[in-house]
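In: Need a 3D model of the sequence below.
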Amino acid sequence: MNVAVALGLGLVAGAVGTVVLTASETVEQRLTHREISNVPGQVGAALSGHRGDEAAVTRLNTPVHWIHGITLGAVRGALGLTGLGAVAATAVHYAVVWGGDVGLYRSLSIAPLPWEWKRQELVTDLFHKGVYAVATGVAFELLRNAFG
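Out: Numbers count the residues shown, from 1 in each chain. Predicted structure coming up:
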């Protein structure tokens, strides 16, 4: 499989992973009555020069959530070229997704370091990022078998 195909399949897998993540978060939020996270919107607002603009946070929340999830699928696609097995590549993808998000949120002063989070916030974030990584990994492997 060449790089372009791997990255393209990764983007599609990232879209699938984002669908599953969104469903997972929606179910969890309904069960726990947790508010919808506006972190993607905060990231988008900060990166676009609109930090603190609540209208921008609201407007950017959904698009940034989807763009972020889809583009991180390309990372899974790239990992598919490394020779790692499917499980190992998904584990590395999970670490990159979660660690990258933590670093991004911290660098933009959106969230403190994870050990300063409330326990339930940390567990919820780790869980949903795991759901995303597994769904993206499964989708990538199915796509690779079908088209790669």
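In: I'd like to know how far the spatially most central residue of the chain sits from S109.
Out: By C-alpha atoms, centre = their mean, the chain has its centre lying nearest to G69, at 4.3 Å. Per C-beta to C-beta, to the nearest Å, G69 is found 23 Å from S109. For glycine as for every other residue, the C-beta is placed from the backbone atoms N, C-alpha and C.
In: before we move on, the earlier item: please identify which helix or strand holds the residue nearest to the centre of the chain.
Out: Using DSSP states H and E, G69 maps to helix 54-79.
In: in that helix, what counts as buried?
Out: By 16 or more other C-beta atoms under 10 Å, the buried positions in helix 54-79 come out as 56-57, 60-61, 64-66, 68-70, 72-79.
In: now it: mean pLDDT?
Out: Across helix 54-79, pLDDT averages out at 96.
In: same thing with stretch 136-144?
Out: Averaging pLDDT along stretch 136-144 gives 97.
In: neighbouring contacts of that stretch?
Out: Applying C-beta atoms under 8 Å, 6 or more residues apart in numbering, the external contacts of stretch 136-144 come out as 1, 6, 9-10, 12-14, 16-17, 72-73, 76-77, 80, 86-87, 89-90, 93.
In: Those residues in helices, which ones?
Out: Members of these lying in helices (criterion: DSSP state H): 6, 9-10, 12-14, 16-17, 72-73, 76-77, 86-87, 89-90, 93.
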